[in-house]
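*Asks:* Predicted structure and sequence below. I'll ask about it afterward.
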Amino acid sequence: MNKQKIVIALGGNAIQMGNGATAEDQKQACYQTAKQLAQISKSGHDIVITHGNGPQVGNIVLQQQLNQSEKLPAMPLDTCGAMSQGMIGYWLQNALYEVFQQEGVTRTAATTLTQVVVDQNDPAFQHPTKPIGSFYNEAEAKELTETKGYTMKEDAGRGYRRLVPSPKPIDIIEKATIQSLIDNEFVVIAGGGGGIPVAKRDGKLVGVEAVIDKDLTTEKLAELIDADTLLILTAVEKISLHFGSQQQQDLEQLTYEQTVTYKDQGHFAPGSMLPKVEAALAFVDSKPGRKAIITSLDKAYDAILGKAGTTILSKEACLS
Ligand SMILES: Nc1ncnc2c1ncn2[C@@H]1O[C@H](COP(=O)(O)OP(=O)(O)O)[C@@H](O)[C@H]1O
Ligand SMILES: NC(=O)OP(=O)(O)O
């Protein structure tokens, strides 16, 4: 198979399988993830890895607030986002080091702290939509709204979570650094947690209180570095029509037009599958010949071989 430049987005279970939130639990999940990534890297492809941070950044924010004082100030959300990139980047680098040695892969992983430019007037700042951190009961949620002004929302019957603004990614400040690392055969971990959100103000980059959607940042990054394939890894092997119902129909290969039709019919849930499908559509529409695949973590390598997942093709492409 020809060498490809593949951008791989890691969904929640790639870092936190089950509910284990200890460092050991999350390192173990990263180790399992690294085994899949090593297979793709072993085939000679260039890979760039992005990841989510919703649960982790929410917990970092809570830890900041415990025992805070003038001498021990809590860090703002952009800085907590940077902490989550460092933490998860370390776990992934550590796991990839071990697995690459076992598998005889000679590459090294390198994490780039990534700042992502957002528009400070993005309407998303007035309408928080991104759930982060732990789940609360109704009374706890009410108290957090009253004492801290948090926006809290019930999340699919599992309890209440804090919502924060999630503005659209516009540009990636470290894109040249990332490109240079790829050119030098590093496995790059970048754009973690959707990137550290910054706004341009008076010639400066100012951190803002937000968490960017990692699927949208992944798409932006894939375009900027001229990737061939966008591989989005989540909990399901394929995307489906009538998901979760008795009429569920799994999809293997879709044209751009078919995907738009199914999206417009409402088959992909907002906040979960919809951003992934939108990222896939934007990527394949950005240049002919580009391909997006959505699949589960354990099928990542099979999906690159064309044996698993849902593949979305660019406009002029024909189904095989
Ligand atoms: N049409 C659909 N086809 C497949 N999965 C869907 C669909 N609509 C919603 N989903 C749900 O979306 C989930 C992926 O979104 P999410 O859990 O937010 O992703 P992440 O892995 O990035 O955390 C799937 O695991 C599935 O439960
Ligand atoms: N930043 C982000 O999109 O994180 P999750 O994928 O964990 O929600």
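*Replies:* It's in. Ligands and ions are numbered 1, 2, ... in the order given.

*Asks:* Show me which residues of this structure sit near ligand 2.
*Replies:* Gly12, Gly52, Asn53, Gly54, Gly193, Gly194, Val211, Asp213, Lys214 (CB under 6 Å from any ligand atom). Glycine gets a C-beta too; all of them are placed from N, C-alpha and C.

*Asks:* Check the gap between the third one and Val211 for me.
*Replies:* To tie it back to what came earlier, the one meant is Asn53. 7 Å (CB to CB, to the nearest Å).

*Asks:* Look at the two and report which has more neighbours.
*Replies:* Val211 (31 against 26; other CB atoms under 10 Å).

*Asks:* Grab the most central residue of this protein for me.
*Replies:* By CA atoms, centre = their mean, the mean C-alpha position of the chain lies nearest to Lys214, the distance being 3.4 Å.

*Asks:* just to revisit the earlier point, who touches both of Asn53 and Val211?
*Replies:* Both Asn53 and Val211 are contacted by Gly81, Gly193, Gly194, under the criterion CB atoms under 8 Å, 6 or more residues apart in numbering.

*Asks:* Show the backbone phi and psi for the closest residue to Val7 other than its chain neighbours.
*Replies:* Leaving aside its sequence neighbours, Val7 sits nearest to Ala222 (CB to CB, 6 or more residues apart in numbering; 4.0 Å). Backbone geometry at Ala222, expressed as degrees, to the nearest 10, gives phi -60, psi -40.

*Asks:* number of nearby residues for Ala222?
*Replies:* Ala222 - counted by other CB under 10 Å - has 28 other residues nearby.

*Asks:* what's the answer for Lys130, then?
*Replies:* 21.

*Asks:* quick one, phi psi at it?
*Replies:* phi -90, psi 120.

*Asks:* Quick check: closest non-adjacent residue to it.
*Replies:* Ser166 (3.8 Å).

*Asks:* Generate a ChimeraX selection restricted to the buried subset of the shared contacts of Asn53 and Val211.
*Replies:* Typed into ChimeraX, the line below selects the buried ones among these, using 16 or more other CB atoms under 10 Å:
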select :81,193,194
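
*Asks:* can you tell me which of the shared contacts of Asn53 and Val211 are in helices?
*Replies:* If you go by DSSP state H, these have Gly81 in helices.

*Asks:* can you list the shared contacts of Asn53 and Val211 in CSV and add pLDDT and distance to Arg201?
*Replies:* Compiled in CSV, those are given as follows (pLDDT from 0 to 100; distance: CB to CB, whole Å):
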residue, pLDDT, distance to Arg201
Gly81, 98, 18
Gly193, 98, 22
Gly194, 98, 20
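
*Asks:* between the shared contacts of Asn53 and Val211, which is nearest Gln102?
*Replies:* For those, the closest approach to Gln102 (CB to CB) belongs to Gly193, at 28.1 Å.

*Asks:* circling back: can you put the shared contacts of Asn53 and Val211 in CSV and add distance to Asn94?
*Replies:* Converted to CSV, the shared contacts of Asn53 and Val211 look like this (distance: CB to CB, whole Å):
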residue, distance to Asn94
Gly81, 20
Gly193, 18
Gly194, 22
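
*Asks:* In contact with the residue in the stretch 201-320 of the chain that ligand 2 sits nearest to: list those residues for me.
*Replies:* Using CB to the nearest ligand atom, the single residue of the stretch 201-320 of the chain nearest to ligand 2 is Lys214, 3.6 Å away. Counting by CB under 8 Å, 6+ apart, Lys214 touches Ala9, Thr50, His51, Gly52, Asn53, Gly191, Gly192, Gly193, Gly194.
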